[in-house]
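**Q** Fold the following, please.
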Amino acid sequence: MPSKTHLLVVDDEANTLASLSRAFRLAGHEATVCDNAAKALELAKTQKFDLIFSDVVMPGKDGLTLLEELKQQGVAAPVVMMSGQAHIEMAVRATRLGALDFLEKPISTDKLLLTVENALKLQRLESENRQLRQRLGKHEIVWHGEAMRKVMAQLERVAASESRVCILGETGTGKELVARTIHERSSRAAGPFVTLNCAAVPAELIESELFGHEKGSFTGASGRHIGKFEQADRGTIFLDEIGDMPLSMQAKLLRVLEEGEVERIGGDKPIAVDVRVIVATHRDLEARVREEKFRQDLFHRVYVFPLALPPLRERREDIPALVEHFAAQVCAQNGWKAVPFTADAMSALQSHSWPGNVRELRNMVERLMLLATEGRVDMATVQLALPKAVSGVPASVATGSGPLADRVQSFEREVILAELKRSHNNMSLVAKTLGLERSHLYKKAEQLGIDLRALRREQE
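**A** Now for the predicted structure:
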């Protein structure tokens, strides 16, 4: 354990401050003490602490409010709450607000020092994980060809601004990765990056997720919840699949974008937020406006700088670099030895249609490395992993006739049926293979007239 760890102790009882600071100093730590939350907040903003201990019940501003404000101010030091009046609801609320631990007074010296030791271990692990993610290039956009060169040039220009960005592209093209890169290359990089998938949150919960709620504001609201906009203060919020946001919610989002304020459900005052907004969708927003499924005034607010991502089939020259990148990730994560890809295997991967785009390619690389038994990934391995029906355009589609939309639907149907057969109707596996959400796969199967129940009966 490093010596001279710098701790902040907040408690309104002088005896408690004296006993805790003495215990910490005897163990080789530095301890700064203060007797109220307001002073503690100022200290935490101006000094760097490795760990903060705070009492809950104090005159004026209590410890839970201090915890909430520390998180809002971006103070990185973990916080341990203490109380002689502890109860379950208090501990649960502290945990939800981000407390590392909750200790009941009186606290033994052994337990106190063990808490410090565990907190510092956790910090070291998190630091190592961040370094590992950086080495693996988790947030790195890999590209080589002209299609992505144009995208990256646009990204660099818009990242340096405060403009709102609307990222367009098919599922699996890397919209969240692009949004995160814009954030990391902006003046807000030191602030939070908060995400919400508008299509994944039930309509009745999305307002609470975005704007938060107060305790008792509705059935089940047992405590205060800080919404995504407040969490993203002084940073960036990424609203994925905004085209699927309910119309009623669109009006409330528009108000926040216009006024720069949110109001929690059940709250009685607006809360100012300083947030850059980036949105994304796989839908045609202009068509959604014409269909009156997306507000025109909100469209003009979020569609300031559209950034279109090409599907993988339109950037095939990037596939070798992406394969190499994903292979290195997989090897590092699993402790595997690097496995080379033969030229014909790489050519086969470049000729595949990749309906699930980059996400599908990432999953495929991992599968290929698991299947490789000869110390390399060769054509036979690729043929084993890629069903014939999806390794190229089916003959029935290539030589068929009729409108393009009908032929595309026919192709999609054959792809899904082939994957269902290969996986013995395992929808989770098919969704992962095709780079789709499971719920989206069910909807797609229904649209294409695929009778999943009949397929299951045949299998039985």
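
**Q** Where does pLDDT dip in the protein?
**A** Applying pLDDT under 70 to the chain picks out residues 1-4, 127-139, 387-407, 458-460.

**Q** Residue nearest the middle of the chain, spatially speaking?
**A** Thr195 (5.4 Å; CA atoms, centre = their mean).

**Q** gap between that residue and Met379?
**A** 39 Å (CB to CB, to the nearest Å). Yep, even glycine has a C-beta here, placed from its N, CA and C like the rest.

**Q** sorry, back to before: quick check: the residue nearest to the centre of the chain is in a helix.
**A** No. Going by DSSP: H, G, I helix; E, B strand; the rest coil, the assignment for Thr195 is strand, not a helix.

**Q** how about the nearest residue to it, chain neighbours excluded?
**A** Phe238 (4.5 Å; CB to CB, 6 or more residues apart in numbering).

**Q** what does Glu314 give?
**A** Using CB to CB, 6+ apart, the closest residue to Glu314 is Ala147 (5.9 Å).

**Q** who touches the helix or strand harbouring that neighbour?
**A** If you go by DSSP states H and E, Ala147 is part of helix 146-159. Residues from elsewhere that reach helix 146-159, judged by CB atoms under 8 Å, 6 or more residues apart in numbering: 141, 143, 165, 178, 181-182, 185-186, 305, 307-310, 314-315, 317-318.

**Q** domain ranges for this protein?
**A** 6-133, 146-310, 314-459 (automatic domain parsing).

**Q** how distant is the first one from the center of its chain?
**A** Think domain 6-133. Using CA atoms, centre = their mean, to the nearest Å, the mean C-alpha position of domain 6-133 is found 27 Å from that of the whole chain.

**Q** now swap in stretch 280-293 and tell me
**A** Worked out by CA atoms, centre = their mean, stretch 280-293 lies 24 Å from the chain centre.

**Q** Mind listing what's buried along it?
**A** Applying a neighbour-count criterion of 16 or more other CB atoms under 10 Å, one finds 280-282, 285, 288-289, 293 buried in stretch 280-293.

**Q** same thing with stretch 191-204?
**A** 191-199, 201.

**Q** Specify which member of the residues you listed is nearest to Leu448.
**A** Nearest to Leu448 among the buried residues of stretch 191-204 is Ala199, at 19.7 Å by CB to CB.

**Q** Which ones among the contacts of helix 146-159 map onto helices?
**A** Counting by DSSP state H, the part of the contacts of helix 146-159 found in helices is 178, 181-182.

**Q** Tell me the one among these nearest to Ala345.
**A** Val178 (28.4 Å).

**Q** Grab the nearest non-local neighbour of that closest one.
**A** Using CB to CB, 6+ apart, the closest residue to Val178 is Ile167 (5.6 Å).

**Q** Counting neighbours, what do you get for the nearest residue to Thr281 once chain neighbours are set aside?
**A** Excluding its sequence neighbours, the residue lying closest to Thr281 (CB to CB, 6+ apart) is Gly243, at 3.9 Å. Per other CB atoms under 10 Å, the neighbour tally for Gly243 reads 21.

**Q** who touches the residue nearest to Glu170 when sequence neighbours are not counted in this structure?
**A** Spatial nearest neighbour of Glu170, excluding adjacent residues (CB to CB, 6+ apart): Pro311 at 5.0 Å. By CB under 8 Å, 6+ apart, the contact set of Pro311 is 169-170, 173, 354, 357.

**Q** repeat for Gln47
**A** 6, 8, 32.

**Q** do you know how far the last one is from Asp50?
**A** Right, the one you point to is Thr32. Applying CB to CB to Thr32 and Asp50 gives a distance of 11 Å.

**Q** Need the overlap of contacts for the two.
**A** Joint contacts of Thr32 and Asp50 (CB under 8 Å, 6+ apart) are 6-7.
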